[in-house]
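A.B. asks: dropping the sequence and predicted coords here.
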Amino acid sequence: MQLFTRFALAGLASLTFGAAHAQTDLLADLEKQTADTARREVVTATFKGTRIVNAHSVETAGNGTLIFLIQHRFGALNSGAYEFFGLDGAALRLGFEYGFSNRLTLGVGRSSTGKTFDGFAKYRALQQSTGARAMPVSLTLLVGTAITTVKFGMAPVGGERSTASRVSYTYQALLARKFSPGFSAQLMPTLIHRNFVEQPTGQNDVYALGAGLRQKLSKRLALTADYFYLLPGNTADTYRNALGLGLDIETGGHVFQLLFSNTQAMIEPQFVPQTTGQFFSGDVYFGFTVARNFTVKSGL
Amino acid sequence: MRPLLLLLLALLLGLATGSPAQAQSKYLTKKGFISFFSTSPIEDIEARNQQVAAVLDLGSGQLAFALPITGFVFKRALMQEHFNENYLESEKYPKATFTGQFTGATAATLATPGPHPAQATGDLTIHGVTRRITAPATLELKNGQLLATASFDLAPADYKIEIPLLVRNSIAKVVAVKVVLACDAVK
């Protein structure tokens, strides 16, 4: 009897030992099996929204997603108590952006500044990824156009302007890398073409190099900044480089972006070559961007 | 001397019962399916993952699976982003794994056609937290494939998955998980 117990116990022990051994083996086996198909993992959420502060980010709406964008810029903080430190004179842009695929997004918007309608196409050419055939950066190409609908004929000087003279174009390459889950940076070579410039010395083509970054403070808070350096020329001599500093707040359903900038404009042809504010002299505009996402086409 | 001999014998016996079956009894898939469903008065949320790698061993009753967290697809892209960025932190914890055993079905019982009820018990690791779970399952041998299903409930809070206050009412305290695997025999 005693002998049998001992035998049984030993058998049980060896079985459990065998089982435990097999178990770790099985997972290791699985890892081996799946390792050979090392997944190409796309890096997502380089930026929280389709805008960093003023500038477009590499992010697009994504297939079947409609984004409703409400952008608000109050007046300059240094405009005094009479203007309630800028809160009286606000500029607004309402925009819609729709993702026709994960790569292509088309957008339209209307800015109160210059009573301007704008439209753009944004195409994700490259997406940062890890794993097999890793891609170090994301590249999004942007082409935009804007038309001002101001009735110039009502002005005391000059006459009504032709349609062509009201149009401007934006060409941008947005090159970004998410260096870590918390830190992303972006470079933005930019060309703005204006069909018409008021001053005879004005440049129709304005080149600028933009840079932007995001640093997460917590899971739902991030500091952002973007800056456009105007390449030497008449525009660079007359106007200021646009600077934006922001705070992204994610609430779950949507993203709030609170910001301070030396420009009140919200589209490239207005803020890249036409910024006049001196940020550090108090020409600071407080503003916010709210993005609400609607799922038109289900991802499932 | 004699106990030692017996031990050796038992060990041999133990190994013998474990190993020979292994060669033919392993089933594997790389395209298993796992979904989870959260229901709340505000909204229902579902996510599906079709990149589950799983291996089942009928001989030893062992089972393991692993899946990439980024493989979960949601109805809403933004939800998917939040899921990966904030809740599951998939850059930090890219995979969920399970290792354990199933009881109630063996190679012999599975010889009769139709799904057989079984029970899976083991360690589930999500978001870097490992917990022991038990789930009702079914196993079926059909056309040379081993079909396995299981369903269980899990609480995100158990896996230290933080849900922000603002959306707390939209996400269920307990979500229903469904596992469907169609494994091919490993030669």
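C.D. replies: Done, it's in.

A.B. asks: can I assume A:G277 sits in a helix?
C.D. replies: No. Counting by DSSP: H, G, I helix; E, B strand; the rest coil, A:G277 is not part of a helix but coil.

A.B. asks: which SS class is the spatially closest residue to A:L259 that is not a sequence neighbour?
C.D. replies: Using C-beta to C-beta, 6 or more residues apart in numbering or on different chains and skipping the chain neighbours, the partner closest in space to A:L259 is A:G246 (3.8 Å). Every C-beta, even on glycine, is put in place using the N, C-alpha and C of the backbone. Taking three-state DSSP as the rule, one finds A:G246 in the strand state.

A.B. asks: settle this for me: A:G246 is touching A:F260, isn't it.
C.D. replies: Yes. Judged on C-beta atoms under 8 Å, A:G246 makes contact with A:F260 at a distance of 7.5 Å.

A.B. asks: more neighbours, the two?
C.D. replies: A:G246 (26 against 17; other C-beta atoms under 10 Å in any protein chain shown).

A.B. asks: contact partners for that one?
C.D. replies: Residues near A:G246 by C-beta atoms under 8 Å, 6 or more residues apart in numbering or on different chains: A:52-53, A:223-225, A:257-260.

A.B. asks: low-confidence ranges in chain B?
C.D. replies: By pLDDT under 70, the weakly predicted segments of chain B are B:1-24.

A.B. asks: in it, which spans are strands?
C.D. replies: Using DSSP state E, the strands of chain B run over B:26-39, B:44-57, B:62-68, B:73-74, B:95-103, B:116-126, B:129-142, B:145-154, B:175-185.

A.B. asks: show me the one of the ones you listed that comes nearest A:I70.
C.D. replies: Nearest to A:I70 among the strands of chain B is strand B:73-74 (24.5 Å), distances taken as C-beta to C-beta.

A.B. asks: quick check: phi and psi at A:A132.
C.D. replies: When read as degrees, to the nearest 10, the backbone of A:A132 gives phi -60, psi 140.

A.B. asks: that one and chain B: what is the separation?
C.D. replies: 14 Å (C-beta to the nearest C-beta, to the nearest Å).

A.B. asks: can you tell me how far that residue is from A:E41?
C.D. replies: Remark: distance between A:A132 and A:E41 (C-beta to C-beta, to the nearest Å) = 9 Å.

A.B. asks: out of these two, which sits in the busier spot?
C.D. replies: Neighbour count, other C-beta under 10 Å: between A:A132 and A:E41, A:E41 has more, with 18 against 10.

A.B. asks: about what we covered before: most packed of the strands of chain B?
C.D. replies: strand B:62-68 (a mean of 25; mean count of other C-beta atoms under 10 Å in any protein chain shown).

A.B. asks: residues contacting the residue nearest to A:F74 when sequence neighbours are not counted?
C.D. replies: Leaving aside its chain neighbours, A:F74 sits nearest to A:G86 (4.3 Å; criterion: C-beta to C-beta, 6+ apart). A:G86 makes contacts with A:74-77, A:79, A:285-286, as judged by C-beta under 8 Å, 6+ apart.

A.B. asks: where do the strands of the stretch 151-300 of chain A begin and end?
C.D. replies: Counting by DSSP state E, counting those that start in this stretch, the stretch 151-300 of chain A has strands at residues A:167-178, A:183-194, A:205-216, A:221-230, A:243-250, A:254-261, A:285-295.

A.B. asks: adding mean pLDDT, write the ones you listed out as CSV.
C.D. replies: Listed next are the strands of the stretch 151-300 of chain A as CSV, based on pLDDT from 0 to 100:
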stretch, mean pLDDT
strand A:167-178, 98
strand A:183-194, 97
strand A:205-216, 97
strand A:221-230, 97
strand A:243-250, 95
strand A:254-261, 92
strand A:285-295, 93
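
A.B. asks: quick check: chain neighbours aside, which residue is closest to the most centrally placed residue in chain A?
C.D. replies: The centroid of chain A falls nearest to A:S57 when counting by C-alpha atoms, centre = their mean (2.5 Å). Using C-beta to C-beta, 6+ apart and skipping residues adjacent in sequence, the residue nearest A:S57 is A:F47, 3.8 Å away.

A.B. asks: thinking again about what came up before, now the contacts of A:G246: which count as buried?
C.D. replies: Neighbour-count burial (16 or more other C-beta atoms under 10 Å in any protein chain shown) is assigned, among the contacts of A:G246, to A:52-53, A:224-225, A:257-260.

A.B. asks: averaging pLDDT per element, find the lowest-scoring helix or strand in chain A.
C.D. replies: helix A:2-35 (a mean of 58; mean pLDDT, DSSP states H and E).

A.B. asks: what's the following helix or strand after it?
C.D. replies: Sequence-wise, the next helix or strand downstream of helix A:2-35 (DSSP states H and E) is strand A:41-42.

A.B. asks: what's that following strand packed up against?
C.D. replies: Applying 3 or more C-beta pairs under 8 Å, 6 or more residues apart in numbering or on different chains; DSSP states H and E, we find strand A:41-42 packed against strand A:129-130.

A.B. asks: what residues does the strand it packs on touch?
C.D. replies: A:40-43, A:135.

A.B. asks: from the residues you listed, which single one is nearest chain B?
C.D. replies: A:E41 (6.3 Å; C-beta to the nearest C-beta).

A.B. asks: wait, the closest one touches B:G71, no?
C.D. replies: No. Using C-beta under 8 Å, A:E41 is not in contact with B:G71, being 9.8 Å away.

A.B. asks: between the two, what contacts are shared?
C.D. replies: With C-beta under 8 Å, 6+ apart, A:E41 and B:G71 have no common neighbours.

A.B. asks: counting neighbours, what do you get for residue 157?
C.D. replies: Just going to use chain A. Around A:V157 there are 5 residues (other C-beta under 10 Å).

A.B. asks: wrong one, chain B
C.D. replies: Count around B:A157 with other C-beta under 10 Å applied: 11.

A.B. asks: what does A:D88 give?
C.D. replies: For A:D88, using other C-beta under 10 Å, the count is 11.

A.B. asks: name the member of the contacts of A:G86 with the most neighbours.
C.D. replies: Counting by other C-beta under 10 Å, top hit in those: A:Y285 with 25 neighbours.

A.B. asks: surely that residue touches A:S261?
C.D. replies: Yes. Between A:Y285 and A:S261 a contact is recorded at 5.4 Å, counting by C-beta under 8 Å.

A.B. asks: intersection of neighbour lists for these two?
C.D. replies: Common neighbours of A:Y285 and A:S261 (C-beta under 8 Å, 6+ apart) are A:73, A:277.

A.B. asks: low-confidence regions, the stretch 51-200 of chain A specifically.
C.D. replies: Residues of the stretch 51-200 of chain A that meet the cut-off, pLDDT under 70, do not exist.

A.B. asks: how about the single nearest residue of it relative to chain B, what does it touch?
C.D. replies: Nearest residue of the stretch 51-200 of chain A to chain B, counting by C-beta to the nearest C-beta: A:G62, 4.2 Å away. For A:G62, the contacting residues are A:99, A:102, B:77, by C-beta under 8 Å, 6+ apart.

A.B. asks: rerun that using 10 Å as the cut-off
C.D. replies: A:44, A:50, A:98-99, A:101-103, A:105, A:124, A:293, A:295, A:297, A:299, B:76-78, B:80-81 (C-beta atoms under 10 Å, 6 or more residues apart in numbering or on different chains).

A.B. asks: backbone torsions only: list them for it.
C.D. replies: Note on A:G62: its backbone torsions stand at phi 90, psi 150 [degrees, to the nearest 10].
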